[in-house]
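Q: Got a sequence here, can you model it:
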Amino acid sequence: MSATDARSATTTPPGAEKSQATKETLEDYTLRFAPRGYRRWTPMVVATTALGGIAYMADFSIGAGIGLAHGTGNALVAIAVAAAVIFVTGFPLAYYGARYNIDLDLITRGSGFGYYGSVLTSVIFASFTFIFFALEGSIMAQGLRLGLGLPLWLGYLVSTLMVIPLVVYGMKALSKLQVWTTPVWLVLMVAPLVYLIADDPGTVDRFLSYTGTDDTGGVNTASVLLGAGVCLSLIAQIGEQIDYLRFMPPKTEANKRGWWTAVVMAGPGWVVLGALKQAIGVFLAVYILAEVGPEAAPEPIQQFRSALDAMLPSWLVLPLAVALVVISQIKINVTNAYSGSLAWTNSFTRVTRRYPGRMVFVLVNLGFALALMEADMFSFLNTILGFYSNCAIAWVVTVATDIGVNKYLLRLSPLQPEFRRGMLYAVNPVGVVAFVAASGLSIALYFHALGDTLQPYSPVAAAVIAFLLTPLTALVTRGRYYLRRADDGIEEPLLDAAGNPTATAYDCHVCHQPYERPDLTACQTHDAVVCSLCLSTDRLGDHVLPARPSAV
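A: Predicted coordinates for the structure are as follows:
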């Protein structure tokens with residue numbers, strides 16, 4: 001069919017434009033390509049919004065837990081190793097999200113998993129969001145207990161309910177929240193640390209010489225890998241970064257320097273700040289260890305209360321410490337609730353072919369998080385994160401390898417990402433086999449199934465197996481299971497001359513709303529086009545194009 005036949009009219013009925021804008025603001029293009037007409041933020045605003053979520057306090061607890069157990073030397077090496085892995089694997093994912101304006105689930109579909117195969121990883125990512133929501137909510141509840149005397153159960157409830165109004169309106173509200181709160185957060189976090197070091201340089205020597213409770217007598221491989229495994233649980237954070245990066249404007253000659261800076265800084269670059277916070281967590285835990293004991297030392301509210309107490313009048317210390325914890329919790333948990341709702345909605349809609357709306361799954365995600373908090377997950381934090389990291393590493397390394405190796409080196413995977421139903425096979429063995437094998441074996445290692453000696457190597461196993469099996473499976477299958485068909489039935493190219501997604505709008509003949517070219521395919525039964533969400537909810541498959549296999 002021709003582009004002229006399907007192109008939408010330029011006029012919109014009175015009131016319809018406002019109604020549709022409100023609807024898309026609420027849903028925030030949950031299952032879709034993010035259209036150019038909606039992406040009106042500058043690269044730096046998108047980057048600042050994405051980095052605003054990195055204000056979370058969990059890094060301080062994670063770093064403190066590793067440092068107290070294994071000592072400063074092992075903790076710092078573990079943090080550095082994990083950061084390097086996260087940066088390398090996060091770069092291709094961030095680029096694809098920003099360049100093609102799709103989230104990590106849509107990237108995963110076309111990067112080795114298939115249309116239904118990526119439901120596995122959507123559930124993994126959704127789990128990441130409610131685990132970390134619960135962790136941050138626990139930290140906030142600790143602050144509210146210390147500052148206001150609230151019992152923990154009530155603090156858990158408050159930290160859960162307060163994010164709902166903020167997360168309803170998606171990117172438009174979140175961008176304002178993150179931009180305005182980031183300077184305050186930075187000052188409250190950095191100022192006490194600088195003061196402590198300047199006032200008592202000996203704190204640095206005590207920090208560097210701390211050997212941990214296991215006192216292994218220096219840096220050793222087992223301790224480093226155990227610590228790195230906990231840090232690598234954060235590898236799935238790139239999914240939340242991409243939930244913002246998908247709103248990047250088109251890359252042009254005029255903005256390419258700022259565009260690349262924003263993508264690197266807010267994509268894989270998030271881990272630089274994350275690693276610094278983990279190292280600070282070790283420093284503060286060692287600093288307050290004698291005062292509060294090993295059980296309370298990993299709590300950020302205790303860390304910053306003691307740090308602020310060294311530089312401020314006593315009447316001001318607790319309010320500022322609580323303010324820091326509350327601001328940090330809000331900044332990250334709106335992101336956790338938002339990203340989790342996207343992941344759950346993606347999975348549910350594909351499996352059931354029903355679309356209940358994103359807000360239903362905001363509440364589902366918050367329910368899971370609240371249950372974890374009430375179960376006191378903070379007390380066994382490192383165990384949860386160490387186990388979870390095996391699944392997260394297997395997923396992210398598989399997708400990153402498919403992009404970097406299968407697409408650009410072997411040319412077995414299509415360079416252009418694909419996510420639409422009918423264009424992809426239901427399951428692609430390339431990603432599914434690599435992910436299941438890598439996560440399964442690494443989890444077995446983690447739970448000592450192959451002996452105590454190999455247990456610390458579970459994160460290494462997850463990464464190495466995923467890295468090797470992804471191209472191997474692609475070679476064995478010769479890339480046959482990436483595209484169910486290469487032609488979507490619309491003559492106009494998906495990308496414009498500059499390589500950006502084409503912005504031409506067409507009317508979907510099912511829902512009668514205009515969508516940009518990358519979100520649509522031709523209809524099997526009508527001389528018209530259908531949007532990706534209507535294809536996802538088509539229970540009879542009347543609109544889904546038939547298979548037409550072709551070479552990559």
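
Q: show me where pLDDT drops low in the protein?
A: Confidence mapping of the chain against pLDDT under 70 gives the ranges 1-28, 30, 53, 166-181, 215-217, 378, 381-382, 549-552.

Q: what about the longest helix in it?
A: helix 314-352 (DSSP state H).

Q: How far off centre is that helix?
A: 12 Å (Cα atoms, centre = their mean, to the nearest Å).

Q: Could you do stretch 299-306 as well?
A: The answer for stretch 299-306 is 26 Å, by Cα atoms, centre = their mean.

Q: Ok, stretch 66-86 next?
A: That offset, for stretch 66-86, works out to 21 Å (Cα atoms, centre = their mean).

Q: buried ones in that stretch?
A: Buried residues in stretch 66-86, defined by neighbour count with 16 or more other Cβ atoms under 10 Å: 66-83, 85-86. (Each C-beta comes from the backbone N, C-alpha and C, glycine too.)

Q: So which of those sit within helices?
A: 66-70, 72-83, 85-86.

Q: that older thread, just the C-alpha atoms of the very next helix or strand once past the longest helix of the chain, please, in CSV.
A: For helix 314-352, the succeeding helix or strand toward the C-terminus, using DSSP states H and E, is helix 358-374. What follows is helix 358-374, C-alpha atoms only, in CSV (Å, rounded to 0.1, in the frame of the first residue of the first chain):
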residue,chain,number,x,y,z
ARG,A,358,-0.6,1.3,33.2
MET,A,359,-2.0,2.6,36.5
VAL,A,360,-3.3,-0.9,37.4
PHE,A,361,0.2,-2.2,37.5
VAL,A,362,1.5,0.8,39.4
LEU,A,363,-0.7,-0.5,42.2
VAL,A,364,0.4,-4.1,41.6
ASN,A,365,4.1,-3.2,41.8
LEU,A,366,3.5,-1.1,45.0
GLY,A,367,1.7,-4.0,46.5
PHE,A,368,4.6,-6.4,46.0
ALA,A,369,7.0,-3.8,47.3
LEU,A,370,5.0,-3.2,50.5
ALA,A,371,4.8,-6.9,51.2
LEU,A,372,8.6,-7.2,50.9
MET,A,373,9.0,-4.2,53.3
GLU,A,374,6.7,-5.7,55.9
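
Q: Report the buried residues of helix 358-374.
A: Buried residues in helix 358-374, defined by neighbour count with 16+ other Cβ under 10 Å: 358, 359, 361, 362, 364, 365, 366, 368, 369, 370, 372, 373.

Q: Return the member of those residues nearest to residue 126.
A: The shortest approach to residue 126 among those belongs to residue 365, at 6.8 Å (Cβ to Cβ).

Q: Report whether the expected contact of that closest one with residue 132 is present.
A: No: assessed by Cβ atoms under 8 Å, residue 365 is found out of contact with residue 132, at 10.9 Å.

Q: what do these two both touch?
A: When contacts are counted by Cβ atoms under 8 Å, 6 or more residues apart in numbering, residue 365 and residue 132 have residue 336 as shared neighbours.

Q: As a check, name the ranges of all strands in the protein.
A: Counting by DSSP state E, the chain has strands at residues 505-507, 514-516, 520-522, 529-531.

Q: Which neighbouring elements make contact with the first one?
A: In terms of contacts (3 or more Cβ pairs under 8 Å, 6 or more residues apart in numbering; DSSP states H and E), strand 505-507 is packed against strand 514-516.

Q: thought residue 460 was touching residue 224?
A: No: using Cβ under 8 Å, residue 460 makes no contact with residue 224, being 10.6 Å away.

Q: So between these two, which is more surrounded?
A: More crowded of residue 460 and residue 224, by other Cβ atoms under 10 Å: residue 224, with 23 against 20.

Q: Which residues are in contact with the more buried one?
A: Contacts of residue 224 by Cβ under 8 Å, 6+ apart are 70, 74, 77, 78, 81.

Q: show me the residues around the first one that make contact.
A: I take that to be residue 70. By Cβ under 8 Å, 6+ apart, residue 70 lies in contact with 78, 212, 214, 216, 223, 224, 226, 227.

Q: Setting the sequence-adjacent residues aside, check what's closest to it.
A: Of all residues not flanking residue 70 in the chain, residue 223 sits nearest, at 4.0 Å (Cβ to Cβ, 6 or more residues apart in numbering).

Q: quick one: the one you found and residue 74 touch, right?
A: Yes: at 4.0 Å, residue 223 counts as touching residue 74 under the criterion of Cβ under 8 Å.

Q: how far away is residue 231 from residue 208?
A: 19 Å (Cβ to Cβ, to the nearest Å).

Q: Quick check, residue 402 in contact with residue 470.
A: Yes: with contact defined as Cβ under 8 Å, residue 402 reaches residue 470; the gap is 5.5 Å.

Q: what is in contact with these two at once?
A: 112, 430, 431.

Q: and residue 540, how many neighbours?
A: Applying other Cβ under 10 Å, we find 7 residues neighbouring residue 540.

Q: An error on my part: the question was meant for residue 222.
A: Residues near residue 222, counting by other Cβ under 10 Å: 16.

Q: again, but for residue 329
A: Counted with other Cβ under 10 Å, residue 329 comes out at 29.

Q: Against residue 294, how distant is it?
A: Separation of residue 329 from residue 294 (Cβ to Cβ): 24 Å.

Q: if we can go back for a sec, between the shared contacts of residue 402 and residue 470, which is nearest residue 139?
A: Distance to residue 139 across these (Cβ to Cβ) is lowest for residue 431, with 34.2 Å.
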